[in-house]
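Colleague: how does the following fold in three dimensions:
(one chain, ligands or ions: 1)
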Amino acid sequence: MTITLVRGRYVIERVLDRDTAVIHEDGAVAVEGDRIVAIGSHADLAARWPAAGTLGSDRHVVLPGLVNGHHHVGLTPVQLGSLDQPLELWFATRMVARDVDLHLDTLYSAFEMIGSGVTTVQHLHGRAPGPIEAVEQAALKVIGAYRAIGMRVSYSYAFRDQNMLVYEDDAAFVARLPQDLGARLAETLARFRITAEEYFAMTARLAEATEADPRVAIQLAPTNLHWVSDKALEGFRDVSEARGLPMHMHLNETAYQKRYARLRGGGTAAEYLRDRGLLGPRMTLGHAVWLTEADIDLVAESGTLICHNASSNLRLRSGVACLNCFAKRGIRVAMGMDEAGINDDRDMLAEMRLVLRLHRVPGMDPAEVPTAPEVLRMASENGGLTTPFGAAIGTLSPGSFADLSLVSWDALSHPYLDPLIPVVDAVLLRAKAGGVETVMIGGEVVMRDRRFTRIDREAALAELAAQLALPLKPEEERRRVLARDILPHVRDFYAGYLDGEVREPFYAPSSRR
Ligand SMILES: [Zn+2]
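Modeller: Predicted coordinates for the structure are as follows:
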């Protein structure tokens, strides 16, 4: 097979610890097929493979492919009519979203992700109307879009079998609504309910259908504690163990969810999962803003992972997760952009910069705050560990999948950058998506000089615009009216919900007094 050398002024192989990355100056990786076969100095590798083709130059930084560890949709909620709201109200406003062609929608955010150096996405696909056959078709459309553009995907459908709108039984909530509104809501919610048996069977079929594609993996997503019945939770534990499949679960995103867990089980959400055998290295907790100190110990001791969704937590008033507490206890933390980042797009470099900045608490001890190498590891290697691809992605080690990006060194260093600045810090602090020139996934260049090699981006976006220029369909109109009518009742439901609950996380400044 032919060898390609991917060359850079700096090739960042992997992060070793908080302060150290393995960097090859005037380096290269040798790619054969879809894997990296060697890494070292460009001169050595060029001597070993004199006939090899070359990608990159001494004006580039070669970065490991980034992993967006938590992602749901293409067009952002804002684009589809929902302003940022507290999470529990925002759920209701999301009903206004139009029906978007899933192929084009998935491509839309894939353009943004790849354009900022993301090579793998953890796609948690939510809210496709049933029956299960329709959900499966929707899943195949999303997966098909990633296959079309050449992006690596860990796909899961987000399972819900109860409490579809607020944190109580649907029938109980509907019964308190005016009759007509209750009927309209019940009808809508019923369309989204699937059983655990249907879900696990579909997951197995999706895995079989995509088995031959090394860039696709299927995993499990019990969406959040309030959405999953005890019976289904048992199913997730058993299926995950039997098939060795990772799980990704939103948990403790808001104080309201912390309260819900106490009402359901008398303790915390993490304790609830522990008691049912769901914590461990196959489980990733998305958000985890409202864990208690004891919960963090549980997470650390069980080897459970966390996915930090910083922008989303800010936008939906969820709070700020205590990344510094997680790091202190050695928890492996990935990061994700959830629906969209702080700039309402999927710019992973911007998200990394936010994570690096957000946790810089006052003080002088450097060990208290995140470092650039640590954030790079969150966005690459740790992200990989939350997917079935595991350690085969996220570093440029020999044997890994050849997933990487070439970032223009000039774009981040011109006209001058002092050599005192370490390379990883330079990338974290100064690299912008526009400087990501070329992206390789599984040994294939999917974006070259910012042009996608397999898909015509402009044509896809024009088609998306044309489809959404059409007037609303009656069903879309119906959902808008429903969202408007239901919102005050959702607000009423949560009035007083937090009474008796600690309203600040344990690490909040005021609780340190
Ligand atoms: Zn999410």
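
Colleague: and the top helix by length along the chain, what does it pack onto?
Modeller: When the chain is parsed with DSSP state H, its longest helix is helix 474-494. On a contact count with 3 or more CB pairs under 8 Å, 6 or more residues apart in numbering; DSSP states H and E, helix 474-494 meets helix 87-93, helix 179-190. Backbone N, C-alpha and C define where each C-beta goes, glycine included.

Colleague: any idea how far it is from the chain center?
Modeller: 28 Å (CA atoms, centre = their mean, to the nearest Å).

Colleague: related to what we said a few turns ago, would you reformat the helices and strands packed on helix 474-494 as JSON lines and include mean pLDDT, distance to residue 373 and mean neighbour count?
Modeller: What follows is these, written out as JSON lines (pLDDT from 0 to 100; distance: least, CB to CB, whole Å; neighbours: other CB atoms under 10 Å):
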{"stretch": "helix 87-93", "mean pLDDT": "95", "distance to residue 373": "32", "mean neighbour count": "19"}
{"stretch": "helix 179-190", "mean pLDDT": "95", "distance to residue 373": "46", "mean neighbour count": "15"}
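
Colleague: need these in CSV (columns: distance to residue 379).
Modeller: Formatted as CSV, these follow (distance: least, CB to CB, whole Å):
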stretch, distance to residue 379
helix 87-93, 24
helix 179-190, 36
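
Colleague: closest one to residue 55 among these?
Modeller: Proximity to residue 55 (CB to CB) singles out helix 87-93 among these, at 42.5 Å.

Colleague: elements contacting that closest one?
Modeller: If you count contacts as 3+ CB pairs under 8 Å, 6+ apart, helix 87-93 packs onto helix 474-494.

Colleague: so which bits of the helix it packs on are buried?
Modeller: Buried residues in helix 474-494, counted by 16 or more other CB atoms under 10 Å: 479, 482, 483, 485, 486, 489, 490, 493, 494.

Colleague: quick one: closest of the helices and strands packed on helix 474-494 to residue 506.
Modeller: helix 87-93 (20.0 Å).

Colleague: now that closest one, how far from the centre of its chain.
Modeller: 20 Å.

Colleague: that one: what's the following helix or strand?
Modeller: Per DSSP states H and E, the first helix or strand lying C-terminal to helix 87-93 is helix 102-115.

Colleague: what packs against that next one?
Modeller: Going by 3+ CB pairs under 8 Å, 6+ apart, helix 102-115 lies up against strand 66-71, strand 118-125, helix 132-149, strand 436-441, strand 444-448, helix 457-468.

Colleague: got CSV for the ones you listed, with distance to residue 95 and mean pLDDT too?
Modeller: Listed next are the helices and strands packed on helix 102-115 as CSV, based on distance: least, CB to CB, whole Å; pLDDT from 0 to 100:
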stretch, distance to residue 95, mean pLDDT
strand 66-71, 21, 98
strand 118-125, 17, 98
helix 132-149, 17, 98
strand 436-441, 35, 98
strand 444-448, 34, 98
helix 457-468, 17, 98
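
Colleague: format the ones you listed as CSV; extra columns: mean neighbour count and distance to residue 227.
Modeller: Formatted as CSV, these follow (neighbours: other CB atoms under 10 Å; distance: least, CB to CB, whole Å):
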stretch, mean neighbour count, distance to residue 227
strand 66-71, 29, 16
strand 118-125, 28, 12
helix 132-149, 18, 15
strand 436-441, 25, 32
strand 444-448, 19, 34
helix 457-468, 14, 29
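
Colleague: of these, which approaches residue 44 most closely?
Modeller: Residue 44 lies closest, by CB to CB, to one member of the helices and strands packed on helix 102-115: strand 436-441, at 20.7 Å.

Colleague: now residue 235, nearest residue through space, not along the chain?
Modeller: Nearest residue to residue 235 in three dimensions, chain neighbours excluded: residue 196, at 4.4 Å (CB to CB, 6 or more residues apart in numbering).

Colleague: so the one you found touches residue 160, yeah?
Modeller: No. Contact between residue 196 and residue 160 fails when scored by CB atoms under 8 Å: they sit 10.6 Å apart.

Colleague: more neighbours: which of those two?
Modeller: A count of neighbours by other CB atoms under 10 Å puts residue 160 above the other of residue 196 and residue 160, at 23 against 19.

Colleague: which residue packs closest to the more buried one, ignoring adjacent ones?
Modeller: Nearest non-adjacent residue to residue 160, counting by CB to CB, 6+ apart: residue 227, 4.0 Å away.

Colleague: same check, this time on residue 87
Modeller: residue 316 (4.4 Å).

Colleague: just the C-alphas of the longest helix of the chain, formatted as PDB.
Modeller: As requested, the backbone C-alpha atoms of helix 474-494 are provided in PDB (Å, rounded to 0.1, in the frame of the first residue of the first chain):
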ATOM      1  CA  PRO A 474     -49.800  22.300   9.100                       C
ATOM      2  CA  GLU A 475     -48.000  20.000  11.500                       C
ATOM      3  CA  GLU A 476     -45.200  22.600  12.100                       C
ATOM      4  CA  GLU A 477     -47.900  25.300  12.700                       C
ATOM      5  CA  ARG A 478     -49.600  23.000  15.100                       C
ATOM      6  CA  ARG A 479     -46.400  22.400  17.100                       C
ATOM      7  CA  ARG A 480     -45.800  26.200  17.300                       C
ATOM      8  CA  VAL A 481     -49.200  26.900  18.800                       C
ATOM      9  CA  LEU A 482     -48.700  24.000  21.200                       C
ATOM     10  CA  ALA A 483     -45.300  25.300  22.300                       C
ATOM     11  CA  ARG A 484     -46.800  28.700  23.000                       C
ATOM     12  CA  ASP A 485     -49.800  27.400  24.900                       C
ATOM     13  CA  ILE A 486     -47.800  24.900  27.000                       C
ATOM     14  CA  LEU A 487     -45.000  27.200  28.200                       C
ATOM     15  CA  PRO A 488     -46.800  28.900  31.100                       C
ATOM     16  CA  HIS A 489     -47.800  25.500  32.400                       C
ATOM     17  CA  VAL A 490     -44.300  24.200  32.300                       C
ATOM     18  CA  ARG A 491     -43.200  27.400  34.200                       C
ATOM     19  CA  ASP A 492     -45.900  26.700  36.800                       C
ATOM     20  CA  PHE A 493     -44.800  23.200  37.200                       C
ATOM     21  CA  TYR A 494     -41.300  24.300  38.300                       C
END
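
Colleague: before I go, just wanted to say thanks for your time.
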